[in-house]
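**Student:** Have a look at this fold, sequence not included:
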């Protein structure tokens, strides 16, 4: 897919081609496949960047009328936080691109005890601009500084309205400077160059499709298996948001598990213990333990890790779903993350095979949960 389709920015013809490729593969395996088309923003940066920049302007101009400015700044801050946490506000009004999810289903052989949804995304990322910090820690610090500055502006403005606290206006200017820097960075990020996305996330999609092929031949005993190939994942949680909002009512959340497989083409495997930038969420303990058990059985090293940059699993957990994220890390980072180096020569084919076996092992471990001992031994054999 990377060779034939290339870079797959959200909403592009190449992303549509990748989605149809995944759908065709799943149909050929015997899955029931549906395509769900929806609209999404062009990128993940324009709206949050514009909100932060607008709040910076409001903060400085609002020194003349602090209380009305504080109210407007609070509304802008809440909108920016909603966008960052995957609960879109302003971006709902501006969704120029059309994308799609691929949703496939394979029923269990016996009585159904749970549903497992394997998730990978079809689109590929864009590079960060040259001025953008490369270190994940620096990115995290910048994001947190901007987020808390956004909440601090309305508070300080409202306090500065009192004559006795007028000196706090200098703090308003400092917070506005932080917001203007962060907003400018985000607005610059929208012009990043498309990346081929061999690791992020063609590798995850390959592992998920390989696992789906195994379970088409040997269906799970008491677990309905579903495959969700999301669109527009690199511009926010639009694919998983669409899935949970449109189809969530058909699932029992306490018996449904979502495993996001992302960027597994190189490094050591990790089922993330925690994930998220402004709000960190823990990976579902049952899924994390299933991944660890499968790694031990296959003889793979599993590392304990947390990531600030959130994925589909994090956004599913924010909506109350049982979810975990499987990645592969080098020195605690996703290799070649949002870099032009994320290309096919940097991917280890044996690693993709190992990732597929790990996903298969995880599904089998989950399928054996709550199973009587005799049936569990038969499944292992």
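**Tutor:** Noted; the coordinates are in hand. Owing to the predicted nature of the structure, the values given are computational and were not obtained by experimental measurement.
**Student:** which stretches of the stretch 1-150 of the chain have low pLDDT?
**Tutor:** Segments of the stretch 1-150 of the chain classed as low confidence (criterion: pLDDT under 70) are 130-131, 133-134, 136.
**Student:** ranges for the strands of it?
**Tutor:** For the stretch 1-150 of the chain, the strands defined by DSSP state E, counting those that start in this stretch cover 32-40, 97-106, 114-121.
**Student:** What is the first one packed up against?
**Tutor:** Using 3 or more Cβ pairs under 8 Å, 6 or more residues apart in numbering; DSSP states H and E, the elements in contact with strand 32-40 are helix 13-28, strand 97-106, helix 238-247. (Each C-beta comes from the backbone N, C-alpha and C, glycine too.)
**Student:** any chance of these in TSV, plus distance to residue 64 and mean neighbour count?
**Tutor:** As requested, the helices and strands packed on strand 32-40 are exported to TSV (distance: least, Cβ to Cβ, whole Å; neighbours: other Cβ atoms under 10 Å):
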stretch	distance to residue 64	mean neighbour count
helix 13-28	47	18
strand 97-106	40	22
helix 238-247	39	22
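**Student:** Break down this structure into its helices, ranges please.
**Tutor:** For the chain, applying DSSP state H gives helices covering 2-5, 13-28, 46-61, 66-84, 136-160, 169-189, 204-217, 238-247, 285-298, 312-318, 349-367, 373-380.
**Student:** Tell me which of those is the most buried.
**Tutor:** helix 312-318 (a mean of 27; mean count of other Cβ atoms under 10 Å).
**Student:** That one - what's its average pLDDT?
**Tutor:** Averaging pLDDT along helix 312-318 yields 90.
**Student:** For the helices and strands packed on strand 32-40, please prepare JSON lines with the additional fields distance to residue 154.
**Tutor:** Listed next are the helices and strands packed on strand 32-40 as JSON lines, based on distance: least, Cβ to Cβ, whole Å:
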{"stretch": "helix 13-28", "distance to residue 154": "39"}
{"stretch": "strand 97-106", "distance to residue 154": "33"}
{"stretch": "helix 238-247", "distance to residue 154": "27"}
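**Student:** What residue spans form the domains of the protein?
**Tutor:** The chain breaks down by automatic domain parsing into domains covering 2-42+96-125+195-380, 46-92+134-189.
**Student:** Measure how buried residue 121 is and give me the count.
**Tutor:** A count of nearby residues for residue 121, using other Cβ atoms under 10 Å, gives 33.
**Student:** partner residues bridging it?
**Tutor:** Under DSSP bridges, the beta-bridge partners of residue 121 are residue 230.
**Student:** and it, what does it touch?
**Tutor:** Residues in contact with residue 121, defined by Cβ atoms under 8 Å, 6 or more residues apart in numbering, are 201, 204-205, 229-231, 233-234, 239, 262, 312.
**Student:** List just the nearest of those residues to residue 50.
**Tutor:** residue 234 (18.9 Å; Cβ to Cβ).
**Student:** Would you agree residue 15 is in contact with residue 97?
**Tutor:** No: in this structure, residue 15 is not within contact of residue 97 by Cβ atoms under 8 Å, at 9.1 Å.
**Student:** Stretch 308-322: end-to-end distance?
**Tutor:** Counting by Cα to Cα, to the nearest Å, you get 19 Å between the two ends of stretch 308-322.
**Student:** How far does that stretch sit from its chain's centre?
**Tutor:** Offset of stretch 308-322 from its chain centre (Cα atoms, centre = their mean, to the nearest Å): 7 Å.
**Student:** So residue 176 is in contact with residue 150, correct?
**Tutor:** No: counting by Cβ under 8 Å, residue 176 does not reach residue 150; the two are 10.4 Å apart.
**Student:** intersection of neighbour lists for the two?
**Tutor:** Joint contacts of residue 176 and residue 150 (Cβ under 8 Å, 6+ apart) are residue 55.
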